[in-house]
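Participant: What follows is a predicted structure for the sequence shown.
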Amino acid sequence: MILRLSQPYEQTLLNTLKERVDAAKQILTTDKITKYRAWWVKMRKKSGTVPTKEEADKFAKLYQSFTRRVVEEGYRPYDDNPIKITVQGDGRLGCYDGNHRLCALAAAGVEEIEVVDHWVSETWATLVSKLKGTVYQPHPHPSFNGWTVSRPDTADRYREIALRLLKMDCKTAFEIGPCAGTGVQAMAAAGLGMSWCESSVAYSTLCRSLSALQVSTEEVKSILSAPATDAVMGLAVWHHVATSLDALDDAAEHLAGARVHVVELPTPEAPRWHRGYIEDSEQTTEDLPEWTLNRLQEAGKYTHREILRSEPYGNRTTWIMWR
């Protein structure tokens, strides 16, 4: 596994080690050891021991020497004991062994570090196994480095939509299902204030079924926590709805306050699993996309509707509605 230290999962890991990274930076730039000594003393006190100044100086100088050696000699994962990483069920990274080396390399500005995954949760391992080397959107997790990306144009198409919304004087937008977050980041970079549905951001949740990707009733209801925004983005959810009519209606009504709604839905020619279904309803998989589009337009009282773009991937159409 390759850690790319500028990426979000790696940054989150380094934030848990911030004091030691800062201590290593101090050593490399000023040759001082005060930050590491303060961190070491704090850790010892937490364990119930109050070290002497001599002990603190001794260990701080050892770390000083160690940090210099790691940076000067470089990190050789196959010659040395490799840095060992853990992966939690939601993809969060931890460092099981090699914390000091990781901090020293990060402080020195090293961009990529080869590590081994010492422990991976069953939840995450199952997800990775099911995906079989392909992710839908570009995903920053190191588990997916080098994988095939089904929709590599995600950032570009979201950026295109963001520019359209900005021309319509939209300043904020809410994304219902941001998946890997690639689109949200692209829209934020274009100048929109972005928020998103926390329940959908979990990649493992959105990828739990490859044969019929579905959004549960509870997840749709969680959209009711959406903040008031100028625009609503539904590019990753509405065509996967598998819930009750009441839940969809509740969500549609709640989102109706936004004066612009962007939604991606499959065409009648789309594969079966792109269409989704609604439990206990008379809507068929063929007419569900049109029914969903009409229901969202009715709820928001949108007076205008047009095709924003047609997607060759999966026979999908992106609609924009506004009032």
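Facilitator: Received the coordinates, thanks.
Participant: can you pull out the strands in the stretch 1-150 of the chain?
Facilitator: 2-4, 84-87, 93-97, 112-114, 116-120, 134-135, 148-149 (DSSP state E, counting those that start in this stretch).
Participant: strands paired with the fourth one, and their directions?
Facilitator: Looking back up the chat, that one is strand 112-114. strand 2-4 (antiparallel) (DSSP bridges).
Participant: Could you dump the strands of the stretch 1-150 of the chain into a markdown table with distance to residue 189 and mean pLDDT added?
Facilitator: Backbone N, C-alpha and C define where each C-beta goes, glycine included. Shown next, in a markdown table, are those (distance: least, CB to CB, whole Å; pLDDT from 0 to 100):
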| stretch | distance to residue 189 | mean pLDDT |
| --- | --- | --- |
| strand 2-4 | 19 | 96 |
| strand 84-87 | 28 | 96 |
| strand 93-97 | 24 | 96 |
| strand 112-114 | 23 | 94 |
| strand 116-120 | 31 | 94 |
| strand 134-135 | 21 | 85 |
| strand 148-149 | 19 | 90 |
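Participant: Which parts of the protein belong to which domain?
Facilitator: With domains defined by automatic domain parsing, the chain comprises 2-144, 154-322.
Participant: any idea which of those scores lowest on pLDDT?
Facilitator: Ranked by mean pLDDT, the domains of the chain bottom out at domain 154-322, with a mean of 74.
Participant: Tell me the bridge partners for the residue nearest to residue 322 when sequence neighbours are not counted.
Facilitator: In space, and not counting its chain neighbours, residue 322 is closest to residue 260: 4.5 Å by CB to CB, 6 or more residues apart in numbering. Bridge pairing for residue 260 (DSSP bridges) gives the partners residue 231, residue 322.
Participant: Residue 260 reaches residue 320, doesn't it?
Facilitator: Yes. The pair residue 260 / residue 320 is scored as a contact, 6.8 Å apart, by CB atoms under 8 Å.
Participant: before we move on, back to that, how many neighbouring residues does the residue nearest to residue 322 have?
Facilitator: For residue 260, the tally of surrounding residues (other CB atoms under 10 Å) stands at 22.
Participant: what does residue 28 give?
Facilitator: Neighbour number of residue 28 under other CB under 10 Å is 16.
Participant: For residue 22, see how far away it is.
Facilitator: Going from residue 28 to residue 22 by CB to CB, to the nearest Å gives 11 Å.
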